[in-house]
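Enquirer: pasted the sequence and its predicted model underneath.
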Amino acid sequence: MSQPVTFRRRAVEEMSTSKPAAVDRAARRFTGKRQWAVDDFAAMEETRDRGRQIRLHTLANLHHYLGQFADSVERAGGQVLWAADAGEANQMIGRLVGKKEGSLVIKSKSMVTEELELLHYLEDQGHTVVETDLGEFIVQIAEDHPSHIIAPVMHLTRQDVGELFHEQLDLPYTDDPPTLTQMARRHLRRYFLTADVGISGVNMGIAETGSIVTITNEGNGWLTTAAPRMHIAVMGMERLVPTFEDAATIVEILARSATGQRLSVYTNFVTGPRRAQDPDGPDEFVVVIVDNGRSKVLASEASEILACIRCGACLNVCPVFREVGGHAYGQVYPGPVGAVLAPGLSDFKEWVDLPYASSLCGACREVCPVRIDIPKLLVTQRERATKENDPFRWMGPGLALYRQIGKRPALWKTAIAAAGVAGRFRKGEWFHRLPFHTKGWTDSRDFPAPASQSFRQWWKENRGGT
Amino acid sequence: MPKSDNFGKGSSLVSTSMPETVQLFVTCVIDAVFPQVGRDVVEELERNGARVDFPQNQTCCGQPAYNAGHRTEATDVLIHNLEVLDRTDGPIVIPSGSCSDFILHHGPRLAADRPGKAELAERVADRVREFTSFVVEKRAGQAEGPAPPAGTDEGERTRAFYHPSCHALRGLGLRKEGEALLESVDSVERVDLESAEECCGFGGLFALEMPEISTEIMNTKLDRLEAAQVQMLVGADAACLIHLEGGLRRRNNPMQVLHIASVLAKGRAEAENGGSGS
């Protein structure tokens, strides 16, 4: 199998665009707001601990809670469909939507539908699909991809959006965000009123009640789930919590970690379709529970990554993400969480280089609301990569040698002494050019020559060598 | 290997307390590339009343291989060193936050891969002490504080930034310790930096795996150092410092780059010569 170095190649390409600068600015703004929100909430640390317990407990008992959730949804009058992969999910959703030819589908924001590429599937089936989340709407008209799990157009500036609206919607150019938002509102309103089907994602499914929780800052999520006759909620199979109270705990840490808000503007709880006494709501409520690789991740050594509540805080603090932006990852889930999760969800051998997209600085672990040790999981995935399709195979011989001399002090001492001899000719110098694969270092940095007298030699000569 | 009980009872006549023997795990980078830092570490430890031993069969902690995903290689090298250190007594001082964090937090997990080695790793981890935190603690315990400032004029002080490397900072919770040591040197003025806690982009073999990204992260840091007119970059992790100094040299920036142990040695030399020697 070939050695994919695609992340690096994509990253270099992305770094030559204007995107990373926009990402860096926005990510730092999010990080600053998060810090404010964390400082503002005295019980943050305990709530993080509690959130972690809830998520790990749910994952450990996922089979049980999925059963309970499905029962609860049905009891509330809804329907549950189980999709093993993207193809199955799309077909199921296609059949639901396709009851009527050429349906109008409105969507609110959902990462799992990005995984499924549902929008394109439904369009190919002859339906009209409109993204109603502002960011996703911009992505749609730009024929682009989201670059961040909560801020899909983090890579664009307001000038970019102004130009896009001007070109695609034939609106007068402006780069004033409130005006742009008003334009999008006016454009989208008619779809809300006439849509046949609303498709939403799910931030959390509550096992005891069969409710789904969607957390947004725009009213679109509310309209998408309530206005059309049918509401299809698409949920990754790990997105459950056992109880209503547990959902409240996650809500406490999610918005603070994501956008630095105490609470998002809209936290919607939807339980079943419209009941007789309800003034509005859909006639049909269907939850499509999607596996699409999650079982594989759950069975792997990186299973803890499924505890993620999708706040995006790890992306915002990641120095790599901020330099390269989300598109460099080439996957739906970018950043530290994506570097662990995405290879596990997809064909691992093809994405083995993603776990190396980190300096292991630990900033992600520090902000993760459910305290996932992301650096540890990145290394876990690297360990798997070296076994299945090592993306840095050229390091193999060097590390094998390192292993042999690293456990044999006599050889190690000889190696250090040999380096010292070389260092004698290069006293105090720094190399400007290193060979082969180490050339990457000296493309931007000098590298010091070894010392002519190592510390251990000095010690032996001056401290009597014990 | 000499043990800490080498001093007979009679030694209490010349010293009020028996010197504590500490084992120096010097790190491969300091050993092979910056031996002077190792000597400065020894001197600082001795100034604080310790007796220093250097177990000569030590090699490297194993972290480079671990970070690259080569767990078997890492664990072999780690266990060799744990066994070398386990045959000694007293605190094990490591002048690197990263190597300390590795032995403390990853050592027990990796060693558990091998039958009977988990306890070995726990025993050694319990004795590991990162250099700056060890020195700060020893200094605090001393009857007399550090030498009084020699009275360097504000304007003559070198503007120095202490880079709190990621593994010391987020792995061990250390930052103030290194900053306090830097502030104890009269000829420097410690300055802070925007986003001081961000990674420098080194990341071990990451610097070779993803050189362009590593460089961009480094450039963000170097730009800030230049903007803050820092004259001396100080840290407690030699590997991060190699990366940053390598970048500074390419920029022809003459900023001094020093391990904290060397700054302390410089401070002592200046104090002995009667004031700032800049």
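Expert: In hand now; what should we look at?
Enquirer: use CA for all of it now, contacts and neighbours both
Expert: Will do.
Enquirer: mind jotting down where the strands sit in the chain?
Expert: Going with chain A. A:79-83, A:104-107, A:128-131, A:197-200, A:204-206, A:211-216, A:230-236, A:240-241, A:266-270, A:284-290, A:430-431, A:447-448 (DSSP state E).
Enquirer: switch to chain B, that's the one I care about
Expert: Counting by DSSP E, the strands of chain B are B:20-24, B:50-53, B:92-94, B:128-130, B:158-163, B:188-190, B:232-235, B:256-259.
Enquirer: average pLDDT across the longest helix anywhere in chain A?
Expert: Longest helix in chain A, counting residues (DSSP state H): helix A:19-40. Computed over helix A:19-40, the mean pLDDT rounds to 97.
Enquirer: and the closest residue to B:P35 other than its chain neighbours, what is it in contact with?
Expert: Distances taken as CA to CA, 6 or more residues apart in numbering or on different chains put A:F455 closest to B:P35, at 4.3 Å, once the chain neighbours are dropped. Applying CA atoms under 8 Å, 6 or more residues apart in numbering or on different chains, we find A:F455 in contact with B:30-32, B:34-36, B:38-39.
Enquirer: restrict stretch A:257-264 to CA atoms and write it as PDB.
Expert: Extracted in PDB, the C-alpha atoms of stretch A:257-264 (Å, rounded to 0.1, in the frame of the first residue of the first chain):
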ATOM      1  CA  SER A 257     -17.200  25.400  25.500                       C
ATOM      2  CA  ALA A 258     -18.400  26.000  22.000                       C
ATOM      3  CA  THR A 259     -19.300  29.700  21.600                       C
ATOM      4  CA  GLY A 260     -18.600  31.000  25.100                       C
ATOM      5  CA  GLN A 261     -22.300  31.500  25.800                       C
ATOM      6  CA  ARG A 262     -24.000  30.500  29.100                       C
ATOM      7  CA  LEU A 263     -26.700  29.000  26.900                       C
ATOM      8  CA  SER A 264     -27.200  29.000  23.200                       C
END
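Enquirer: what's it in contact with?
Expert: A:30-38, A:150, A:215-217, A:251-252, A:255-256, A:311-313, A:367-369.
Enquirer: now a PyMOL select for only the buried ones of the residues you listed.
Expert: With 16 or more other CA atoms under 10 Å in any protein chain shown as the burial test, the buried ones among these are selected in PyMOL as follows:
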select buried, chain A and resi 30+31+33+34+36+37+38+150+215+216+251+252+255+256+311+312+313+367+368+369
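Enquirer: please name the nearest non-neighbouring residue to the residue of the stretch 51-200 of chain B found nearest chain A.
Expert: Closest contact between the stretch 51-200 of chain B and chain A, by CA to the nearest CA, is at B:G69 (4.0 Å). Distance criterion CA to CA, 6+ apart; nearest residue to B:G69, sequence neighbours excluded, is A:E383 at 4.0 Å.
Enquirer: number of residues surrounding that neighbour?
Expert: Look at A:E383: counted by other CA atoms under 10 Å in any protein chain shown, it has 21 neighbours.
Enquirer: for it, give me its contacts.
Expert: So A:E383 contacts B:68-71 (CA under 8 Å, 6+ apart).
Enquirer: using TSV, lay out those together with pLDDT, neighbour count and distance to A:Q331.
Expert: Formatted as TSV, these follow (pLDDT from 0 to 100; neighbours: other CA atoms under 10 Å in any protein chain shown; distance: CA to CA, whole Å):
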residue	pLDDT	neighbour count	distance to A:Q331
B:A68	97	25	22
B:G69	97	24	22
B:H70	98	27	25
B:R71	98	22	27
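Enquirer: in helices, which of those fall?
Expert: Per DSSP H, the contacts of A:E383 map to helices at B:R71.
Enquirer: ok, the contacts of A:E383 vs A:G78, which is closest?
Expert: If you rank the contacts of A:E383 by distance to A:G78 using CA to CA, B:G69 comes first, at 45.9 Å.
Enquirer: surely that closest one is in contact with A:P375?
Expert: No: between B:G69 and A:P375 there is no contact under CA atoms under 8 Å: 11.7 Å.
Enquirer: the stretch 1-150 of chain A against chain B: which residues are in contact?
Expert: A:8, A:11-12 (CA under 8 Å from any CA of the partner chain).
Enquirer: swap the cut-off to 7 Å and go again
Expert: A:8, A:12 (CA under 7 Å from any CA of the partner chain).
Enquirer: then the stretch 251-400 of chain A?
Expert: A:319-320, A:323, A:359-362, A:379, A:382-383, A:386, A:399-400.
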